[in-house]
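Asks: just need the structure, nothing else, for what follows:
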Amino acid sequence: ELYALSCPTTRIASFWSHSWHGPTWFKILTLFAVKNGMAAAALSTTSAVLMGILYSAGALPDFFGQLGWCSFVAAVTYSCTFVLWQSRQPVFVDRICIPTYDETIKGEALISLGAFLKCADSMLVLWDPSFMDRLWCMFEIGAFLHSRKRGRKPLLTIRPTVLGPMVVAIVAELVLINAIVTFSWRWIGALQEFYLAVLAVCSVPMVPLIHVSRGYCRKIEKLQEEMAHFNIENLTSYCCTV
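Replies: This is a model prediction of the structure:
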């Protein structure tokens, strides 16, 4: 059980709120992007600069070339950091911190949910189209905002769950384009015309990525519209429908 991964604490750095009806992998990838994206970008950039310095100093073989070494190591560093980087800040996630196998403890945890929110320094909302319709989701946001001190700006972050897949797709596309261009130029000895042709071919997959990015912007607009026209009568809950 995931509950075994939880531990007692007096303060919660971040309360993660999400709808159980949203795609799980979308939420996981979005968490990677939000929590590990900055570290992955910083370390991959540092590793690329380091490879360039080492290659210029003659410490690396000439197999990949300078651009090849920088691109390859940066891509590996980014991928590993994106997935494996771990923060030491304690967070609250209902699937981990509330046991589903013990109805007694589960009930006590639900009753104490307001206290958990009061102990949280910030809140991260993993938003999907079903979030604004769920009673518990809106209760969590309302309780968190109500528990903040007057005059203090609440640390509330809302991210659509499509952000994670979009970031992964964009990074993968950029790595692919960079790899094709770099190694085609080095190994085939391509002329400038072929180099431009490779760029043109590689730019084709960017079209669906642009479409996904526009979809992300539309979801942001939809979120703002739903928040502006919020009505508690439209909320639903599992306990009220069974």
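Asks: could you use CA atoms for every contact and neighbour count after this?
Replies: Noted.
Asks: buried residues, stretch 122-142. List them.
Replies: By neighbour count on 16 or more other Cα atoms under 10 Å, the buried set for stretch 122-142 is 122-128, 131-138, 140-141.
Asks: now do stretch 42-50
Replies: By 16+ other Cα under 10 Å, the buried positions in stretch 42-50 come out as 43-45, 47-48, 50.
Asks: now secondary structure and pLDDT too, for the residues you listed, in TSV please.
Replies: Below are the buried residues of stretch 42-50 laid out as TSV (DSSP: H, G, I helix; E, B strand; the rest coil; pLDDT from 0 to 100):
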residue	secondary structure	pLDDT
L43	helix	97
S44	helix	95
T45	helix	95
S47	helix	95
A48	helix	92
L50	helix	95
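Asks: that older thread, among the buried residues of stretch 122-142, which lie within helices?
Replies: 135-138, 140-141 (DSSP state H).
Asks: enumerate the positions of stretch 84-97 that are buried.
Replies: Buried residues in stretch 84-97, counted by 16+ other Cα under 10 Å: 90-92, 94, 96-97.
Asks: for stretch 106-117, same thing?
Replies: Buried residues in stretch 106-117, counted by 16+ other Cα under 10 Å: 109, 113-114, 116-117.
Asks: quick check: mean pLDDT of it?
Replies: The pLDDT scores in stretch 106-117 average 89.
Asks: how near is G164 to T104?
Replies: Taking Cα to Cα, to the nearest Å as the measure, G164 falls 35 Å from T104.
Asks: so for these two, which residue has more residues nearby?
Replies: Using other Cα atoms under 10 Å as the criterion, G164 and T104 rank with G164 on top: 21 against 10.
Asks: so the more buried one makes contact with L31?
Replies: Yes. G164 lies in contact with L31 (Cα atoms under 8 Å); the separation is 7.1 Å.
Asks: which residue packs closest to the residue nearest to the spatial centre of the chain, ignoring adjacent ones?
Replies: Closest to where the C-alpha atoms of the chain average out (Cα atoms, centre = their mean) is T30, at 2.3 Å. Leaving aside its sequence neighbours, T30 sits nearest to G164 (Cα to Cα, 6 or more residues apart in numbering; 3.6 Å).
Asks: same deal with V76?
Replies: Distances taken as Cα to Cα, 6+ apart place S44 nearest to V76, at 7.9 Å, with adjacent residues excluded.
Asks: pull the contacting residues for the one you found.
Replies: For S44, the contacting residues are 73-78, by Cα atoms under 8 Å, 6 or more residues apart in numbering.
Asks: so which of those are in helices?
Replies: Secondary structure defined by DSSP H assigns 73-78 of the contacts of S44 to helices.
Asks: where do the helices of this protein begin and end?
Replies: Counting by DSSP H, the helices of the chain are 24-56, 65-84, 94-97, 103-111, 113-118, 135-146, 163-183, 192-203, 206-228.
Asks: and L5, which of the ones you listed is closest to it?
Replies: helix 94-97 (6.9 Å; Cα to Cα).
Asks: what does the closest one rub up against?
Replies: 2-6, 16.
Asks: restricted to strands, list those.
Replies: Using DSSP state E, W16 are the members of those that sit in strands.
Asks: so which one among the contacts of helix 94-97 has the lowest pLDDT?
Replies: Within the set of those, pLDDT is lowest for L2 (80).
Asks: name the nearest residue to that one, ignoring sequence neighbours.
Replies: I96 (5.0 Å).
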